[in-house]
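J.: my questions concern the predicted model and sequence given below.
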Amino acid sequence: MCRNIRCLHNFDPPTSDDEVREAALQFVRKVSGSTRPSRANAAAFEQAIDEIAEATRRMLDQLVTSAPPKNRELEAVKGRERHEKRMEREVRIRTASV
């Protein structure tokens, strides 16, 4: 999965429509292989973003959980830690083969 798409479920405060749209944009970019569509494809690109954002919002509103809400700042720290570990592994792998 695209690393830029973040978990949006079960946050306090709840996920905003802007966050949902950003995730939809990242998904469409990944699937299309393009960060900026040509003028000929712009309408299809925007329509896909709108439809995916709408479906995502509907899904998030319907999900239920008994887990306590997550904290965005804490999740960001965890994400940075995972990134650092991933980079350390990459360095070890690359330096071991030299």
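T.: Structure's in. What do you need?
J.: tell me which helix or strand the closest residue to residue 50 other than its chain neighbours sits in.
T.: Leaving aside its sequence neighbours, residue 50 sits nearest to residue 24 (C-beta to C-beta, 6 or more residues apart in numbering; 7.8 Å). (Glycine included, C-beta is placed from N, CA and C.) Under the criterion DSSP states H and E, the helix or strand holding residue 24 is helix 17-32.
J.: what does that helix contact?
T.: Identification of contacts with helix 17-32 by C-beta atoms under 8 Å, 6 or more residues apart in numbering yields 2, 4-6, 8, 35, 41, 45, 48-50, 52-53, 56-57, 60.
J.: for that helix, which residues meet the burial criterion?
T.: Using 16 or more other C-beta atoms under 10 Å as the test for burial, helix 17-32 gives 19-29.
J.: show me where the chain has its helices.
T.: Shown for the chain, the helices assigned by DSSP state H span residues 17-32, 42-62, 72-96.
J.: give me the distance from the shortest one to the chain's centre.
T.: I take that to be helix 17-32. 7 Å (C-alpha atoms, centre = their mean, to the nearest Å).
J.: that helix versus helix 72-96: what angle between them?
T.: Helix 17-32 and helix 72-96 meet at an angle of 30 degrees, taking axes from the mean of the first three to the mean of the last three C-alpha atoms, to 10 degrees as the criterion.
J.: if we can go back for a sec, ok, the contacts of helix 17-32 vs residue 73, which is closest?
T.: Out of the contacts of helix 17-32, the one with the shortest distance to residue 73 is residue 6. That distance is 13.2 Å, counting by C-beta to C-beta.
J.: what distance do you get for that closest one to residue 21?
T.: Counting by C-beta to C-beta, to the nearest Å, the gap from residue 6 to residue 21 is 13 Å.
J.: what does the lowest-mean-pLDDT helix or strand in the chain contact?
T.: The element with the least model confidence among the helices and strands of the chain, by mean pLDDT, DSSP states H and E, is helix 72-96, at a mean of 91. Contacts to helix 72-96, defined as C-beta under 8 Å, 6+ apart, come from residues 6-7, 11.
J.: mind putting those residues in CSV, pLDDT and neighbour count included?
T.: As requested, the contacts of helix 72-96 are exported to CSV (pLDDT from 0 to 100; neighbours: other C-beta atoms under 10 Å):
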residue, pLDDT, neighbour count
6, 82, 16
7, 87, 11
11, 93, 17
